[in-house]
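K.L.:
model the structure of this input:
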Amino acid sequence: MTELRKNRWLLNLVLIVATVGLLGVTMLPLITSAFSNNPQANKPSPNPSQTATPQKADIEAQARGYEEVLKREPDNATALRGLVEARLQLNDVKGVVSPLEKLAKLNPNMTEYSVLLAQAKQQLNDPEGAAQAYRSILQSKPGDLNALAGLSDLLIKQQRPEAAIGLLQDTIKQAPTANKTQANSVDSTAVQVLLGKVFASQKRYDDALATFDEAAKTNANDFQPVLYKALVLKEQGKNDEAKPLFDKAASLAPAQFKDQITRLSTTQPAPPNAVSPTTPPTGVTPASPAPKN
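P.N.:
As a prediction, this is how the structure comes out:
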């Protein structure tokens, strides 16, 4: 867990390319917590007279330095991570593929690297490579929410929403077996929330609402099914029905999410053409469960 928190910055770097999410609104941001664990994000803001970001030449020099280290030590994880970060700062998404492949191979239990690799390949118009990266995660970790969300998003962008729905429904059906093999490997509530969001993205609102209701029954203390049901009702113009659900979601949510839920309850819904499938613009894990107090 310490290593995962230490490297949370990496999850942020490629997730910034995520597309607009369900109902076109910002959902509970995993990416914000990623920034909060990023030492760079905690530095004080520079004065106007200071340079806000490193000069391109400095970043290029850093990248060359990491490349030299990797010539001598090809498996140096620190240098690999540094090279990924430098190349992304240079907008060189293609250049992160090779070091991410190495990091994923060296750290098979840290699926974040494979998720980043999949997203990079998706950005490079390699949907088959992206899908393969996502599926490689799901073979060993069928309940990995980042992989499920990423693959669902990819399938919908390929105009294959039924494939995305089937993927999530199969994951829910197989959850009891998977959890017997490895305890808590699939969070059924979280996957149900993700499925509901996919239904909503296809304007299958009745299916979405029923799925959120089922998720709420599975875990009555999880605020997310309640919140997403409220958002769907709001998208349908049913504000009177949505209001008590927003209030309930706020009461169930941890303190750090309450203000954002209030803002979501008052913002205007996005126009229909802004609705996109599963990945929120801030890189949220679309159906991640609420943190336990």
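K.L.:
only C-alpha atoms for contact and neighbour calcs from this point on.
P.N.:
Noted.
K.L.:
next SSE downstream of the helix or strand of the chain with the lowest mean pLDDT?
P.N.:
Confidence across the helices and strands of the chain bottoms out at helix 30-36, with a mean of 27, counting by mean pLDDT, DSSP states H and E. Later in the chain than helix 30-36, the nearest helix or strand by DSSP states H and E is helix 56-72.
K.L.:
list the helices and strands the next helix or strand after that following helix packs on?
P.N.:
Reading on from helix 56-72 to the C-terminus, the next helix or strand found by DSSP H and E is helix 77-89. Using 3 or more Cα pairs under 8 Å, 6 or more residues apart in numbering; DSSP states H and E as the contact test, the elements touching helix 77-89 are helix 8-15, helix 56-72, helix 97-106.
K.L.:
buried ones in helix 77-89?
P.N.:
77, 79-89 (16 or more other Cα atoms under 10 Å).
K.L.:
re the thing from before, please identify the deepest-packed of the helices and strands packed on helix 77-89.
P.N.:
Mean neighbour count (mean count of other Cα atoms under 10 Å) peaks for helix 8-15 among the helices and strands packed on helix 77-89, with a mean of 21.
K.L.:
avg pLDDT for that helix?
P.N.:
The average pLDDT within helix 8-15 is 40.
K.L.:
just put the helices and strands packed on helix 77-89 in a markdown table and tack on distance to L233.
P.N.:
Formatted as a markdown table, the helices and strands packed on helix 77-89 follow (distance: least, Cα to Cα, whole Å):
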| stretch | distance to L233 |
| --- | --- |
| helix 8-15 | 28 |
| helix 56-72 | 47 |
| helix 97-106 | 40 |
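K.L.:
ok, T211 to S201 distance?
P.N.:
13 Å (Cα to Cα, to the nearest Å).
K.L.:
now do the longest helix that the chain contains: which elements does it pack against?
P.N.:
The residue-count maximum for a helix in the chain (DSSP state H) belongs to helix 161-181. Under the contact criterion of 3+ Cα pairs under 8 Å, 6+ apart, helix 161-181 touches helix 145-157, helix 188-201.
K.L.:
among these, which is nearest I172?
P.N.:
helix 188-201 (5.8 Å; Cα to Cα).
K.L.:
ok, back up a step: would you convert the buried residues of helix 77-89 into JSON lines that also reports distance to L106?
P.N.:
Converted to JSON lines, the buried residues of helix 77-89 look like this (distance: Cα to Cα, whole Å):
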{"residue": "A77", "distance to L106": "8"}
{"residue": "A79", "distance to L106": "13"}
{"residue": "L80", "distance to L106": "11"}
{"residue": "R81", "distance to L106": "12"}
{"residue": "G82", "distance to L106": "15"}
{"residue": "L83", "distance to L106": "15"}
{"residue": "V84", "distance to L106": "15"}
{"residue": "E85", "distance to L106": "17"}
{"residue": "A86", "distance to L106": "20"}
{"residue": "R87", "distance to L106": "20"}
{"residue": "L88", "distance to L106": "20"}
{"residue": "Q89", "distance to L106": "23"}
